[in-house]
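Novice: Pasted the sequence and its predicted model underneath.
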Amino acid sequence: MKKLFVLLILFSLFSCGEEKVQPFVNSQISGSEIPDQESWNSKIIFSRDGRLRAVLYAKHLMVYEKKRLTLIDGVKINFYGRDGKKTSTLTSKRGKVDDATKDMFAIDSVVAVNDSGVVLKTQELVWKNKTKKITTDKFVTIDDKTEHIEGYGMEANDDLSNYTIYNVTYRAVKNE
């Protein structure tokens, strides 16, 4: 019994030594590539004059203060009208916000749907803060109750109630 006790004491003394573990440091990554702030499964509420304007849901959010840039993975945004009712929803795989201009870019598998049933699909969409307009120069499809339109380049107001496709390549009228 004494031998076991002595062995346990000796084992504990040797196992408590000050072994210095050096963390791995990746020297190929510069400080500017590391975000200043990071968040997962985030919900951000935007308001103007005390009114709800939008709610952003993000799977992963990375803020780079020096670059004045926010990168987003897994984007979903609900937009709200003056009456507080949801007017449209936008989803995309990725996004970014120019923190200087507050312009937002939705990138990869972008889908926007408004409360009237208009569905817009494209690979990249830009919401310009200054004009409150949605624009793209990429290929777009728009479906509503009466027609299906395809083309390149588009501008719309932010609730998709009024839109223009600049280079229409296909248009079909739906039978009601």
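Specialist: Perfect, I can see it now. Numbers count the residues shown, from 1 in each chain.

Novice: measure the nearest residue to Asp36 once chain neighbours are set aside to Gln37 for me?
Specialist: For Asp36, ignoring the flanking residues on the chain, the nearest one in space by C-beta to C-beta, 6 or more residues apart in numbering is Glu65 at 4.5 Å. Any C-beta I mention is one placed from the backbone N, CA and C, and that applies to glycine too. From Glu65 across to Gln37, the span is 8 Å (C-beta to C-beta, to the nearest Å).

Novice: So what touches whichever helix or strand Val75 is part of?
Specialist: In the assignment (DSSP states H and E), Val75 maps to strand 69-80. Under the criterion C-beta atoms under 8 Å, 6 or more residues apart in numbering, residues 35, 51-64, 86-99, 106, 158-159 lie in contact with strand 69-80.

Novice: Let me know the distance separating the nearest residue to Gln123 once chain neighbours are set aside from Tyr80.
Specialist: Distances taken as C-beta to C-beta, 6+ apart place Lys138 nearest to Gln123, at 5.1 Å, with adjacent residues excluded. For Lys138, the distance to Tyr80 (C-beta to C-beta) stands at 26 Å.

Novice: quick one: which of these two has more around it?
Specialist: When Lys138 and Tyr80 are compared for neighbours, Tyr80 comes out ahead with 19 against 14, by other C-beta atoms under 10 Å.

Novice: what separates the more buried one from Met154, distance-wise?
Specialist: Tyr80 is 23 Å from Met154, by C-beta to C-beta.

Novice: Mind picking out the helix or strand in the chain with the poorest mean pLDDT?
Specialist: Ranked by mean pLDDT, DSSP states H and E, the weakest helix or strand in the chain is helix 2-15, scoring a mean of 57.

Novice: Just the angle for the helix or strand following it relative to strand 69-80, thanks.
Specialist: From helix 2-15 onward toward the C-terminus, using DSSP H and E, the following helix or strand is strand 37-48. Here the directions of strand 37-48 and strand 69-80 differ by 40 degrees (axes from the mean of the first three to the mean of the last three C-alpha atoms, to 10 degrees).

Novice: Direction included, what does strand 37-48 pair up with?
Specialist: Sheet pairing of strand 37-48 (DSSP bridges) gives strand 51-64 (antiparallel).

Novice: Now do the buried residues in the strand or helix carrying Glu150.
Specialist: Counting by DSSP H and E, the element that carries Glu150 is strand 147-157. Neighbour-count burial for strand 147-157, counted by 16 or more other C-beta atoms under 10 Å, picks out 149-151, 154-156.

Novice: what two of those are the furthest from one another?
Specialist: Glu150 and Glu155 (15.9 Å; C-beta to C-beta).

Novice: coming back round to it: just checking, which of the buried residues of strand 147-157 comes out lowest on pLDDT?
Specialist: Checked by pLDDT, these have Ala156 as the lowest-scoring entry (92).
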